[in-house]
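K.L.:
missing the sequence, but the structure's below:
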């Protein structure tokens, strides 16, 4: 998400002040490019006009044009105004509510509400809460089955009555069941509907009035585009939306929905759905997203993702083995697999300061395919070969290549890469990226010379 907008804004802002000074005409030209970049990202026109107007007013001020580095000051203004537009960090607000706190999910059909219900349950459980699911989508039989399957997968209790009862009755019965189960937070999944369907919107109002949710979260597809404003406004007027959840942001989303919905409704974005996996869910941090858009990286999210995957004891033990030069191909495989759990190659690069410019030079699918090739080669080795790669003679390499569907040359390249990585690992020390085992692969040293592990 935001890749196109990010590239346009970075190129525009980098072009400011190349002559060593900044004029009002320079600012006007830059603002025209910013306006085009936002419109191409599907940001609503009124939002674009307001944003560009605020930036321009500040950027042509005397304190900016006469500053020591005016171009950097303009970048600072754009950064601050984007933060202002996207609002405060998303947080659920349970104040004034007694447990179990009820969260009601609403939105269009196909926006990802059912999957979001499971993801939210996992996220809340990580916070120490006891979530409970209610399947109140009676219009799509598969929705009930899907949520039941997901509840078993994540081991969270669920209340469902199929599709015969009225949704408001199911919701009310579900709340009673949640109280009996001693749950302290309820996630209520409702059927998808258009904001202009009066009958179905009336049904949402009845559900809301029956269970009195503390949070009504609008789940919206990040690829919605210009229609995002009408959707958000329609749901907000009828049921009183308290927060937004943007799904499918790892897809081909231009990002305008996030900016438009937040700016028009004033409702905060609380979560982002980052993948189809149940753990592909994160709290929305506008400052971090703005940093990514402007190419400044997102180190905090990167560290948080790593901390979720690595126990301190495990990281310490691995570091000690690296220092003792005992890092094996099995360790290498384990680290690559954990890095892949953190997200796609391009998403991780977007979090590393200064690396976003390289994303244009990389085919994301090709990068993922190459990582899979590395995994296949190592998985085709015996435990002995993974532990003793020096023992890999010509016949063993030929067998490994055949088993992984690759060439002997690919096996040789992996061995060279592994040896280079071992040398690099010896230099690792605690702190920064060096404390994230395997991340060095994404930051340089590969035979391709492009900062990737291939």
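P.N.:
It's in. Please read all numbers here as calculations on a predicted model, not as lab measurements. Numbers count the residues shown, from 1 in each chain.

K.L.:
going forward, measure contacts and count neighbours with C-alpha atoms only.
P.N.:
Noted.

K.L.:
where's residue 186, which helix or strand?
P.N.:
strand 185-190 (DSSP states H and E).

K.L.:
Contacts for that strand, please.
P.N.:
Here strand 185-190 makes contact (Cα atoms under 8 Å, 6 or more residues apart in numbering) with 99-106, 113-114, 117, 120-121, 129-137, 167, 171, 175, 178.

K.L.:
just the buried members of those residues?
P.N.:
Listed as buried from the contacts of strand 185-190 are 100-106, 113-114, 117, 120-121, 130-137, 167, 171, 175, 178; burial here means 16 or more other Cα atoms under 10 Å.

K.L.:
need the contact list for the most centrally placed residue in the chain.
P.N.:
Centroid check for the chain by Cα atoms, centre = their mean gives residue 274 as the closest residue, at 3.5 Å. For residue 274, the contact set (Cα under 8 Å, 6+ apart) comprises 247-250, 280-282.

K.L.:
Most neighbours among those residues, please name it.
P.N.:
Ranked by the number of neighbours (other Cα atoms under 10 Å), these place residue 247 first, at 26 neighbours.

K.L.:
beta partners for the spatially closest residue to it that is not a sequence neighbour?
P.N.:
In space, and not counting its chain neighbours, residue 247 is closest to residue 273: 4.3 Å by Cα to Cα, 6 or more residues apart in numbering. Listed beta-bridge partners, residue 273: residue 281 (assigned using DSSP bridges).

K.L.:
now residue 273: how far from residue 238?
P.N.:
Distance of residue 273 to residue 238, given as Cα to Cα, to the nearest Å: 25 Å.

K.L.:
What of residue 287?
P.N.:
Taking Cα to Cα, one finds residue 287 at 30 Å from residue 238.

K.L.:
what's the answer for residue 167, then?
P.N.:
Distance from residue 167 to residue 238, by Cα to Cα: 17 Å.

K.L.:
just checking, residue 150 touches residue 118?
P.N.:
Yes: shown here, residue 150 and residue 118 form a contact pair, counting by Cα atoms under 8 Å, at 6.4 Å.

K.L.:
What helix or strand is residue 32 located in?
P.N.:
Going by DSSP H and E, residue 32 is in helix 24-40.

K.L.:
wait, residue 270
P.N.:
Assigned by DSSP H and E, residue 270 falls in strand 269-273.

K.L.:
average model confidence for that strand?
P.N.:
Per-region confidence: strand 269-273 scores 86 on mean pLDDT.

K.L.:
Next: stretch 77-93.
P.N.:
Stretch 77-93 comes out at a mean pLDDT of 80.

K.L.:
quick one on the thing from earlier: counting neighbours, go ahead and name the busier of residue 273 and residue 238.
P.N.:
residue 273 (28 against 14).

K.L.:
Just want to know which of residue 150 and residue 118 has more residues nearby.
P.N.:
Each of residue 150 and residue 118 has its neighbours counted (other Cα under 10 Å); residue 118 has more, 29 against 19.

K.L.:
what angle sits between the helix or strand encompassing the more buried one and strand 269-273?
P.N.:
In this structure, residue 118 is located in helix 113-126 according to DSSP H and E. Here helix 113-126 runs at an angle of 110 degrees relative to strand 269-273 (axes from the mean of the first three to the mean of the last three Cα atoms, to 10 degrees).

K.L.:
Just the angle for helix 113-126 relative to strand 185-190, thanks.
P.N.:
180 degrees.

K.L.:
show me the residues around residue 206 that make contact.
P.N.:
By Cα under 8 Å, 6+ apart, the contact set of residue 206 is residue 168.

K.L.:
Can you list the buried residues in the longest helix seen in the chain?
P.N.:
Ranked by residue count under DSSP state H, the longest helix found in the chain is helix 408-426. For helix 408-426, burial by neighbour count (16+ other Cα under 10 Å) applies to 408, 410-411, 413-415, 417-419, 421-422, 425-426.

K.L.:
mind giving me TSV with the residues you listed and columns for distance to residue 200 and pLDDT?
P.N.:
Converted to TSV, those look like this (distance: Cα to Cα, whole Å; pLDDT from 0 to 100):
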residue	distance to residue 200	pLDDT
408	61	90
410	57	88
411	59	89
413	59	87
414	57	87
415	60	87
417	58	81
418	58	81
419	62	79
421	58	72
422	60	71
425	58	61
426	62	58
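
K.L.:
which one of these is nearest residue 216?
P.N.:
Residue 216 lies nearest to residue 425 out of the buried residues of helix 408-426, by Cα to Cα, at 47.7 Å.

K.L.:
Next, count neighbours for residue 73.
P.N.:
Around residue 73 there are 17 residues (other Cα under 10 Å).

K.L.:
Which secondary structure element is home to it?
P.N.:
Applying DSSP H and E as the criterion places residue 73 in helix 70-86.

K.L.:
same deal with residue 135?
P.N.:
Counting by DSSP H and E, residue 135 is found in strand 131-136.

K.L.:
next one: residue 372
P.N.:
Per DSSP H and E: helix 364-379 holds residue 372.

K.L.:
Tell me how far that helix lies from the chain's centre.
P.N.:
The chain centre lies 22 Å from the centre of helix 364-379; the measure is Cα atoms, centre = their mean, to the nearest Å.

K.L.:
and the helix or strand just after it, average pLDDT?
P.N.:
Scanning forward in sequence from helix 364-379 by DSSP H and E, the next helix or strand is helix 383-387. On average, the pLDDT along helix 383-387 is 88.

K.L.:
Other residues contacting helix 383-387?
P.N.:
Outside helix 383-387, the residues touching it (Cα under 8 Å, 6+ apart) are 328-330, 378, 391-392.
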